[in-house]
Every structure is written in structure tokens, then in C-alpha cells.
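Engineer: Give me a model of this one.
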Amino acid sequence: MIVAVLMGRKLSKGFPGKNIFKVMGRPLAQYPMMAAKYCPLVDKVYISTDDEALIELAKENGVDTIRRPAGLCTDEALGDDVYVHAYDLLRKRYKNIELFVLLMCNAATITAETITEGIEALRKNKSYDSAVTVSKYNMWSPLRARSIGPGGLVRSFIPFETFGDPKTLNCDRDSQGDVWFADMGVSIVRPRCLEHIHSGLLPQRWMGTKIYPLKQWGGLDVDYVWQIPSVEWWLRANGFSDSRTPYDRKGTVACLARVDAIYRTPPSETSRHRKMRLDKNEHTSGIGKSHLKNVLSSIDPEVISSYPESEHFYGMLARSLRIKREELILTNGSDGAIKSVFEAFINPGDRVIIVHPTYAMFYVYCDLFGAEKVQIDFDENLDLPVDKILEAIDPTVRLVALPNPNSPTGTVIEEKDLVSLIKKAGSRGSVVLIDEAYHGFYPKTMLGSIRRYDNLIVTRTFSKAYALAGLRLGYAVANPAIIRALYNVKPMYEANAVALRFAEYVLKHPSMANDYIRECSLGKEYLAGRFRSLGFAVHKSHANFLVVKMPGINNSLAAKLGKRGVLVKGGYDAPGLRDTIRVTVGPKRQMAEFFRIFQKCL
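Structural biologist: Okay, here's the model as predicted:
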């Protein structure tokens with residue numbers, strides 16, 4: 001973990017408003033923010049400030065804020081103390097901080113490449129305390145420095161004897177060798193430098209004593225207006241203009257690199273049709289031929305050739321759920337709803353709490369949108385430590401994602417615990433997403449709480465109990481403000497015309513889903529009993545599947561079943577799921593047929 005911290009206050013020394021003074025159309029502080037944000041090795045960026053203008057700028061640039069105490073906002077307060085204050089807060093938040101990247105809001109002469117160079121230098125040589133930008137200013141050699149004495153006359157700032165025999169000294173600016181100044185562009189330091197701040201080399205003690213120089217030219221921190229032209233010269237020489245930055249292309253490349261790094265399971269080349277499909281928790285029976293015929297008879301060529309019209313179905317679904325139209329948005333499955341939440345609320349670097357193991361797309365979307373995963377693991381008994389989720393919710397968390405029931409565990413979080421999580425998240429400015437993809441099989445819901453908690457989103461699907469997985473239709477329910485945000489990121493048409501016709505039909509015939517849910521309950525009870533009769537442990541499940549412990553034979557058994565045309569899920573490597581298979585349940589007659597084949601594979 002590498003954390004960057006910028007320092008800047010409202011009434012800092014120098015000319016008023018220097019930190020937000022615009023250079024080439026951008027506030028001065030935006031340049032070090034960009035350098036940190038575009039450095040691929042920096043995981044999180046903060047600013048320590050009391051300045052509301054800087055806080056707003058930080059939000060616009062995806063930088064989090066540390067509210068700087070009043071005692072550290074005075075002319076007497078030292079930079080040492082500001083950085084140590086930030087360090088003390090962040091080391092409690094992040095357990096394994098490797099390095100701190102320390103920046104100043106008035107020091108624009110820094111690039112992401114230089115930060116990367118410093119990080120790599122420290123990783124290569126563990127004895128270095130820090131890596132610090134330095135610029136060569138031979139014209140400011142200590143030999144040429146002067147002070148004004150008591151009589152008002154100029155005199156040597158440092159006794160000439162300090163430099164050797166005064167008779168050998170001359171006015172050549174290079175006569176004393178190169179003179180390097182710490183230009184405040186960046187100081188990349190190890191935590192020990194901040195833990196033992198009083199052992200560091202004056203005057204910037206946060207640098208420690210073994211300081212690696214990151215050589216550049218023309219670096220400076222701005223205190224006077226007359227320095228601005230120098231900064232602008234430096235910025236233009238390093239690829240900035242009024243309309244472009246050197247990061248414009250790098251942002252695209254970094255995004256592509258992030259996408260390339262995401263692992264997706266390759267699609268199977270073998271068709272799953274005409275097999276007993278008990279591996280993906282689909283409806284095992286389908287909607288029935290007579291129902292299929294009824295729906296297809298309502299679909300004419302105009303339905304197919306026209307763009308979909310969804311408002312009629314919006315009204316039907318809202319009435320069915322007893323909510324308002326403005327509290328609802330249709331999506332491409334609940335998966336589409338989840339993606340829309342990430343699109344609307346997550347910026348690169350935001351923290352997202354997820355449980356593990358869970359629905360695979362939560363991991364994918366965290367990586368795709370550059371979020372930092374805060375992962376709370378189930379234990380070996382598939383118990384989830386809700387207290388750890390509560391503890392993890394802090395102002396840095398943007399989203400808490402909780403499938404309920406969860407897949408692949410089949411476990412649930414009780415309503416009282418969900419309420420505690422939603423309340424704490426709300427007090428910290430976090431959104432809570434509860435995915436109820438298995439609603440029906442587990443009747444309890446948080447949908448009725450969306451008006452009580454304005455940070456709550458509930459997502460559902462028509463894929464499970466309603467037998468429409470192939471048509472990809474789902475929805476999200478939340479307060480109107482959140483729905484408007486999700487509407488802004490939705491595709492042109494959120495559902496296709498055929499899916500809408502089928503969904504209208506199943507809503508008009510609720511017994512189709514209700515009867516199937518009852519049949520699945522009986523099938524699950526039957527199958528769990530048969531597994532236990534053979535000595536296999538079966539985890540309690542609140543969804544349309546069972547998780548069965550089969551030590552030593554789970555993967556080979558899944559393969560044997562596959563050869564007989566029966567698909568189940570195995571191969572887990574997560575807490576509580578090792579040595580297990582997951583079996584989708586259906587009506588009792590299907591489960592009896594499955595168990596007959598299962599026994600032959602033992």
C-alpha cells in the first residue's frame with residue numbers, strides 16, 4: 001500500500017490564495033494531485049487541509065480529505081507535524097503502508113514519472129530513508145549568499161573560511177561544485193521517517209537521513225507571484241498546455257492496463273442445453289410450453305422491428321412492488337443494476353466493501369472501475385463476521401455491496417444487522433447495495449426500507465424464480481435521487497421488447513413463480529436429506545441451491561457427473577467452500593433423478 005498526502009492550508013504563507021491560483025487554467029494544487037493520481041504505484045491520495053476551496057478541488061480530482069486541526073493551521077505549525085498527523089490517522093486505516101508520497105499544494109513541478117522513479121529507487125535499496133526531488137541552482141551557492149548586518153551593510157551569510165582558504169575563492173558560480181536544493185516537488189518516505197521524525201535531517205525532518213536524490217531542473221514551491229512564470233515554463237517543458245496534460249494518453253493506457261488485468265472465466269465451448277443444468281442456479285423447469293406459446297402469440301413483427309417501450313411494464317412492476325415509478329429502474333439483469341451502481345458512484349481509488357466469496361461480478365466491477373476492495377471473509381463454517389463489516393465502514397468507503405442471500409454460500413445477513421450496517425454507512429456517506437437476486441426463495445427483503453434510508457439500493461432479477469435468465473431483465477429500487485443517478489448512466493434502452501413481454505406475462509401470472517418456489521423448497525429438503533443419509537455435511541442454504549461438503553472427492557465427482565450430462569459447480573478455493581460442490585435445486589422429481597445419477601458416480 002502506497003499513500004500520497006498533499007499539504008496545504010487556507011492562510012498559508014506567501015501570496016493569498018496561492019494554492020488555488022490558476023496556472024495555465026488549472027489551480028496550482030491540481031498539478032501535484034494529478035501527479036499522484038496518475039502514478040500507477042500510488043494506491044490512495046489524500047489532502048490535509050482546512051481550505052474548503054482545496055477540499056472541493058480534491059473531490060473533483062478523486063482525492064480524499066483529512067481535516068487539518070486548527071492547531072496545525074497556524075504560521076507556527078511545522079510541515080513535520082502536519083505529515084505526522086496524517087500518518088497517525090492513515091496507519092490506523094491501512095495496516096501495511098509501504099511508503100508515503102508527500103507533496104505540497106504549492107509545488108506544481110512534479111510528474112507521475114518522477115514519483116514512480118522514487119518509489120522504484122526505495123524498493124531497490126532498502127537502506128534509503130527517502131527519495132526527494134532536487135533541482136540544481138548553482139547561482140544560489142552558499143558562497144554567494146549574503147545577509148545584512150547590524151550596520152545595514154551586506155556581509156557573508158556564512159564565514160568564507162567555511163569554504164577553505166578565502167584567497168582561493170572566486171566569483172564563478174560553479175566554483176564550489178553543483179548546489180542541489182530540495183525543491184519540494186515530492187518526498188517519498190518510509191513510515192519510519194515519520195515514526196522517528198525528530199531523528200531526521202533538518203530542516204525537513206520527514207526525509208530521514210539517508211536521502212536519495214531525484215534530480216530534476218527548475219523545481220520550486222511557490223510563495224511569490226513572480227515565481228509563477230517559472231512554474232509555467234517548467235509545466236510547458238514537461239508536456240502541459242492550456243488544453244492538454246501529459247496524462248491524457250496515459251489515462252487511457254492506464255485504463256486499458258487495468259482492464260487487461262481483469263480475469264474473466266473463458267466461455268465454455270460445450271453447450272449446456274439438453275443437460276441437467278444444476279450449476280448456475282437457474283430455473284430448472286422453464287416457464288412451460290403453454291405459457292411460452294401464449295407469450296409468443298402476442299409478439300408480432302412490429303414488436304421486433306420497433307425500439308422497446310417500457311413504461312407500461314414500469315407501471316405494472318411498480319404496482320406489484322408497491323412503490324412509486326420514480327423509485328424504480330429496469331436493468332439488464334441484476335448484474336446490469338450492479339454495474340450501473342458502480343458507474344454512478346465509484347471513481348478510481350474509492351473503497352468498496354465486499355464479502356468473500358461472493359458473486360463474481362463484484363470483483364470484476366471493483367477492478368474495472370479502479371476501486372480498492374475491502375474484503376471481509378467468511379470463516380470455515382460459512383459464518384460472516386458482521387462486526388468486521390461494521391468496523392470497516394469509515395468515511396473512505398464509498399459502497400458496501402451485500403448479496404442477501406449470498407452466492408455461492410447461501411447465507412443471509414439478518415435484518416437487524418443490515419439495518420446497523422445501513423445506518424453506519426449512511427453516517428459515513430456510503431451507499432449500501434443489497435442484491436436480492438434470490439428473493440422468493442428467501443422471502444425477507446429490505447425493499448420496504450428504501451424510504452427510511454436514502455443510501456439504500458435493492459437489486460433483483462427475473463432470472464431465478466421467474467425463469468427468464470436468457471432474456472436478461474432485472475431492476476433496482478431506491479430513493480428517487482439515486483434512481484436519477486442510475487438513469488443518467490443507463491443505456492438508451494434498458495430492456496429489450498421480448499423480455500418486457502415475457503416479464504409482463506409472469507407478473508400477470510404470479511402462481512408460476514410461487515408454485516415453483518414451493519416445489520424447490522420441497523426438492524431442497526428432499527435432496528439435503530439424501531445427502532445427509534450418505535454422511536455428507538450440507539450447509540444451511542436460503543437460496544435455490546445446496547452447498548455439500550465432500551472432502552477429497554468433490555472435484556472428481558463433479559467431473560463424473562458432467563460426463564453423465566449433469567452439471568454442478570465445484571472447484572472452489574475459498575473459506576468454507578473447499579471440498580464442496582454446489583447443486584442448484586428444483587422440484588422433488590428432478591432432485592430424485594439427480595440423486596439417482598449421483599449415487600452411480602460415487
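Engineer: Run through who's touching stretch 270-279.
Structural biologist: Under the criterion Cβ atoms under 8 Å, 6 or more residues apart in numbering, residues 284, 565-569, 582-586, 590, 593-594, 597 lie in contact with stretch 270-279. (C-beta placed from N, C-alpha, C; glycine too.)
Engineer: Keep only those of those that are in strands.
Structural biologist: Counting by DSSP state E, the contacts of stretch 270-279 place Val566, Leu567, Arg582, Val583, Thr584 in strands.
Engineer: Between all of the residues you listed, which two are separated the most?
Structural biologist: Pairwise distances among the ones in strands among the contacts of stretch 270-279 were taken by Cβ to Cβ; the largest, 13.0 Å, belongs to Val566 and Arg582.
Engineer: Between those two, point out the one with more neighbours.
Structural biologist: Arg582 (26 against 20; other Cβ atoms under 10 Å).
Engineer: do you know how far the more buried one is from Met550?
Structural biologist: 11 Å (Cβ to Cβ, to the nearest Å).
Engineer: can you check Ile188 too?
Structural biologist: Taking Cβ to Cβ as the measure, Ile188 falls 51 Å from Met550.
Engineer: if you count what's nearby, which of these two comes out ahead?
Structural biologist: Between Ile188 and Met550, Ile188 has the larger neighbour count (other Cβ under 10 Å), namely 32 against 20.
Engineer: Show residues contacting stretch 221-232.
Structural biologist: 13-15, 18, 21, 23-24, 28, 104, 106-109, 183-184, 218, 220.
Engineer: Which of the residues you listed fall within strands?
Structural biologist: Val23, Met104, Asp183, Met184.
Engineer: Show me how far the longest helix along the chain is from its chain's centre.
Structural biologist: Using DSSP state H, we find that the single longest helix of the chain is helix 511-533. Average the C-alpha atoms of helix 511-533, do the same for its chain, and the two points are 38 Å apart (Cα atoms, centre = their mean, to the nearest Å).
Engineer: and this structure, what are its domains?
Structural biologist: 2-137+179-257, 287-509, 513-601 (automatic domain parsing).
Engineer: Straight-line length of the longest one, end to end?
Structural biologist: Domain 287-509 has an end-to-end distance of 11 Å (criterion: Cα to Cα, to the nearest Å).
Engineer: so for it, what's the average pLDDT?
Structural biologist: Mean per-residue pLDDT for domain 287-509: 95.
Engineer: do the same with stretch 65-74
Structural biologist: Mean predicted confidence for stretch 65-74 is 95.
Engineer: May I have it as PDB, with CA atoms only?
Structural biologist: Presented in PDB, the C-alpha positions along stretch 65-74 are these (Å, rounded to 0.1, in the frame of the first residue of the first chain):
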ATOM      1  CA  THR A  65      -9.600  14.900   2.600                       C
ATOM      2  CA  ILE A  66      -8.000  14.800   6.000                       C
ATOM      3  CA  ARG A  67      -9.500  17.700   8.000                       C
ATOM      4  CA  ARG A  68      -6.500  19.500   9.300                       C
ATOM      5  CA  PRO A  69      -6.800  20.500  13.000                       C
ATOM      6  CA  ALA A  70      -6.800  24.200  13.800                       C
ATOM      7  CA  GLY A  71      -3.600  23.800  15.800                       C
ATOM      8  CA  LEU A  72      -1.900  22.800  12.600                       C
ATOM      9  CA  CYS A  73      -3.200  25.700  10.600                       C
ATOM     10  CA  THR A  74      -1.100  28.400  12.100                       C
END
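Engineer: Quick one: distance of that stretch to the chain centre.
Structural biologist: Distance of stretch 65-74 from the chain centroid (Cα atoms, centre = their mean) equals 27 Å.
Engineer: ok, residues contacting that stretch?
Structural biologist: 5, 9-11, 46-50, 55, 58-59, 77, 81-82, 85-86, 89.
Engineer: Out of those, which end up buried?
Structural biologist: 5, 9-10, 46-50, 55, 58, 77, 82, 85-86 (16 or more other Cβ atoms under 10 Å).
Engineer: If any of the contacts of stretch 270-279 are buried, put those into a ChimeraX selection.
Structural biologist: Here is the ChimeraX command that selects the buried residues among the contacts of stretch 270-279 (16+ other Cβ under 10 Å):
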select :284,566,567,568,569,582,583,584,585,586,590,594
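Engineer: mind putting the domains of the chain in TSV, distance to Ile158 included?
Structural biologist: Output for these, formatted as TSV (distance: least, Cβ to Cβ, whole Å):
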stretch	distance to Ile158
domain 2-137+179-257	13
domain 287-509	46
domain 513-601	65
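Engineer: between those domains, which one is nearest to Phe157?
Structural biologist: Using Cβ to Cβ, the domains of the chain put domain 2-137+179-257 closest to Phe157, at 13.5 Å.
Engineer: per-residue confidence at Arg272?
Structural biologist: At Arg272, the pLDDT recorded in the model is 86.
Engineer: Phi first, then psi, for it.
Structural biologist: phi -90, psi -10 (degrees, to the nearest 10).
Engineer: Any buried residues in stretch 210-225, and which?
Structural biologist: Ile211, Tyr212, Leu214, Gln216, Gly218, Gly219, Leu220, Asp221, Val222.
Engineer: quick one: the third one is in a helix?
Structural biologist: To tie it back to what came earlier, the one meant is Leu214. No: per DSSP: H, G, I helix; E, B strand; the rest coil, Leu214 lies outside any helix segment and is strand.
Engineer: quick one, what contacts it?
Structural biologist: Per Cβ under 8 Å, 6+ apart, neighbours of Leu214: Thr114, Glu117, Gly118, Ala121, Ala131, Val132, Thr133, Val134, Gly185, Val186.
Engineer: repeat for the fifth one
Structural biologist: Going by Cβ under 8 Å, 6+ apart, Gly218 touches Thr109, Ser135, Ser230, Trp233, Trp234, Ala237.
Engineer: Distance of the one residue sitting closest to the centre of the chain relative to Ala574?
Structural biologist: With distances taken as Cα atoms, centre = their mean, Ala371 lies nearest the centre of the chain, 1.7 Å away. Using Cβ to Cβ, Ala371 is found at 20 Å from Ala574.
Engineer: ok, and for stretch 270-283, which residues are buried?
Structural biologist: Met276, Arg277, Leu278, Asp279, Asn281, Glu282, His283.
Engineer: Quick check: phi and psi on the closest residue to Trp140 other than its chain neighbours?
Structural biologist: Nearest residue to Trp140 in three dimensions, chain neighbours excluded: Val179, at 6.3 Å (Cβ to Cβ, 6 or more residues apart in numbering). Reported as degrees, to the nearest 10, the phi and psi values for Val179 are phi -110, psi 120.
Engineer: now the host helix or strand of Ile47, how far from the centre of its chain.
Structural biologist: Assigned by DSSP states H and E, Ile47 belongs to strand 44-49. Distance, stretch centre to chain centre, for strand 44-49: 17 Å (Cα atoms, centre = their mean).
Engineer: Next: stretch 235-249.
Structural biologist: Distance, centroid of stretch 235-249 to centroid of chain: 27 Å (Cα atoms, centre = their mean).
Engineer: which outside residues touch that stretch?
Structural biologist: Val23, Met24, Gly25, Tyr31, Met34, Tyr38, Ala108, Thr109, Thr111, Ala112, Gly218.
Engineer: Just the CA atoms of that stretch, as PDB, please.
Structural biologist: C-alpha atoms of stretch 235-249 as PDB (Å, rounded to 0.1, in the frame of the first residue of the first chain):
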ATOM      1  CA  LEU A 235       5.000  22.900 -17.000                       C
ATOM      2  CA  ARG A 236       5.100  23.600 -20.700                       C
ATOM      3  CA  ALA A 237       8.500  21.900 -20.900                       C
ATOM      4  CA  ASN A 238       7.000  18.800 -19.300                       C
ATOM      5  CA  GLY A 239       4.100  18.500 -21.700                       C
ATOM      6  CA  PHE A 240       1.400  20.600 -20.200                       C
ATOM      7  CA  SER A 241      -0.600  23.200 -22.100                       C
ATOM      8  CA  ASP A 242      -3.800  25.200 -21.500                       C
ATOM      9  CA  SER A 243      -5.900  22.300 -23.000                       C
ATOM     10  CA  ARG A 244      -3.800  19.200 -22.500                       C
ATOM     11  CA  THR A 245      -1.700  17.400 -20.000                       C
ATOM     12  CA  PRO A 246       0.900  14.600 -20.400                       C
ATOM     13  CA  TYR A 247      -1.500  12.300 -18.600                       C
ATOM     14  CA  ASP A 248      -4.300  12.500 -21.200                       C
ATOM     15  CA  ARG A 249      -3.000   9.500 -23.200                       C
END
